[in-house]
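> Sequence and computational prediction follow.
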Amino acid sequence: MSQTAAASPADPSLSPAGSTPAVLDPAASLGTAAAAHDTVMPIILALSLSHMLNDTLQALLPAIYPVLKESYKLTFSEIGLITMTFQCTSSLLQPLVGSYTDKRPMPYSLAIGMGSTLIGLLLLSQAHTLGMILLAAALVGTGSSVFHPEASRLAYMAAGGRHGFAQSLFQVGGNFGSAMGPLLAAAIVVPRGQGSLALFSLIAIAAILVLSYVGRWYGANLHRLKPKVRKAGAGGTGLSSGRVAFALVILVLLIISKYFYMVSLSNYYTFYLIDRFGVSVQTSQYLLFVFLFAVAAGTIAGGPIGDRFGRKIVIWVSILGVAPFSLALPYAGFYGTIVLSAIAGALLASAFSAIIVFAQELLPGKVGLVAGLFFGFAFGISGIAASALGQLADRTSIEYVFRLCSYFPLLGLLTVFLPNIGRPAKAA
């Protein structure tokens, strides 16, 4: 598979041969069939970088929960409410953004959405009431609602035929950002206080610059979006509409299993470590970084494996394969907990990108809508899970929550009901 490199930020589009600048008018580029199949690595890398910056900012919110809980005497239920506000704001808007931009692409929407995140971050640095914290979380969620479906669409556009690879590389940036958030919170916010969050506005500004560059390429390459496929069966897969709908329901249930377990770790892992092993807040943040770094490291393998062997295999291993480790984790000692959580995170990491691409293959021509629906549902179920698990922890204990959530990966057995679609990519 050939790869097209960018000449410069001023003109990121090249012809397939790499020697002649492409015409910036998308209509003039429709005849260049080969261009629609090249993998544009500079854009995918820019998307991965911007995903890292975006998710670094988003990860600051749960990372400073111990600080907010102590400063404002919040309950676990109120902590869950903050997460639910952020996640649900994002989840409700993402499908709308994805569906709208399927019909009316907005090349600079990514940079505008990051502006909302910037405002939310600055407000969070000065918020002194639960209401202000919730408003800040909603603004950050709004930025996320624009970023994820649109960036996922761009990854699809720039992928050529390597959609699993592009989604994984895009996702791994976000996972590294999610890992960096707790690390930066431990190093900067915990010792300096909530006001130091304003320093991270520099990250948001950097992301706006990167996304402005990406937006220019987006506007010049709209021809890369494939038209809707019109073949026998729903979406050109050869499957009936009912079979496609059933497969989508299975994918939704797999998302539920993944995110209920992931939220128990990403949102409450620090509290679990503090409660069970008596570690300090700062140490718990570093250990959360270890877990999230393992998630990031595990993500990149899923896409290429899915391209070669099929998404269904990746989903099998990513969700059901976590079960032995998740079931053992609540009964492990301190070091065993660190190792088991890292293994579980690495295995679970590739599930989402595989599910996204699987759904896009079920519904070709609806890239933005699929991305918006699945990112939105993932964020929504994360918010519901955070709130529900927070209330359950208040009524029982954080250890009980971890024991209960350890069973969710067993829902990976539902993968058996997914159809076998598409053909794995041949080795280059």
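Sure, I can see it. Model, not experiment: these values are computed from the prediction.
> now the helix or strand Tyr400 falls within, how far from the centre of its chain.
Following DSSP states H and E, one finds Tyr400 within helix 398-405. Between the mean C-alpha location of helix 398-405 and the chain-wide mean there is a distance of 24 Å, by Cα atoms, centre = their mean, to the nearest Å.
> Buried residues in it, which are they?
Of the residues in helix 398-405, those buried by neighbour count under the rule 16 or more other Cβ atoms under 10 Å are Ile398, Val401, Phe402, Cys405. Glycine gets a C-beta too; all of them are placed from N, C-alpha and C.
> what's the answer for stretch 403-412, then?
Buried residues in stretch 403-412, counted by 16+ other Cβ under 10 Å: Cys405, Ser406, Phe408, Pro409, Leu411, Gly412.
> Residues contacting it, please?
253-254, 256-258, 260-261, 264, 315-316, 318-323, 326-327, 329-330, 344, 348, 389, 392 (Cβ atoms under 8 Å, 6 or more residues apart in numbering).
> What is the end-to-end distance of that stretch?
In stretch 403-412, first residue to last residue: 18 Å (Cα to Cα, to the nearest Å).
> chain center to it: distance?
Average the C-alpha atoms of stretch 403-412, do the same for its chain, and the two points are 21 Å apart (Cα atoms, centre = their mean).
> can you give me the mean pLDDT across it?
Model confidence over stretch 403-412, given as mean pLDDT, is 91.
> Same question for stretch 76-94.
For stretch 76-94, the mean pLDDT works out to 81.
> CA-only coordinates of it, as PDB, when you get a sec.
Backbone C-alpha positions of stretch 76-94 (Å, rounded to 0.1, in the frame of the first residue of the first chain) are rendered in PDB as follows:
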ATOM      1  CA  PHE A  76     -19.000   9.500  45.100                       C
ATOM      2  CA  SER A  77     -22.400  10.200  43.700                       C
ATOM      3  CA  GLU A  78     -21.500  13.800  43.000                       C
ATOM      4  CA  ILE A  79     -18.200  12.600  41.400                       C
ATOM      5  CA  GLY A  80     -20.300  10.300  39.200                       C
ATOM      6  CA  LEU A  81     -22.600  13.200  38.400                       C
ATOM      7  CA  ILE A  82     -19.600  15.200  37.100                       C
ATOM      8  CA  THR A  83     -18.600  12.400  34.800                       C
ATOM      9  CA  MET A  84     -22.200  11.800  33.700                       C
ATOM     10  CA  THR A  85     -22.500  15.500  32.700                       C
ATOM     11  CA  PHE A  86     -19.300  15.400  30.700                       C
ATOM     12  CA  GLN A  87     -20.100  12.100  29.000                       C
ATOM     13  CA  CYS A  88     -23.800  12.700  28.300                       C
ATOM     14  CA  THR A  89     -23.100  16.200  26.900                       C
ATOM     15  CA  SER A  90     -20.700  14.600  24.500                       C
ATOM     16  CA  SER A  91     -22.800  11.500  23.800                       C
ATOM     17  CA  LEU A  92     -26.000  13.300  22.900                       C
ATOM     18  CA  LEU A  93     -24.400  15.700  20.500                       C
ATOM     19  CA  GLN A  94     -22.000  13.300  18.700                       C
END
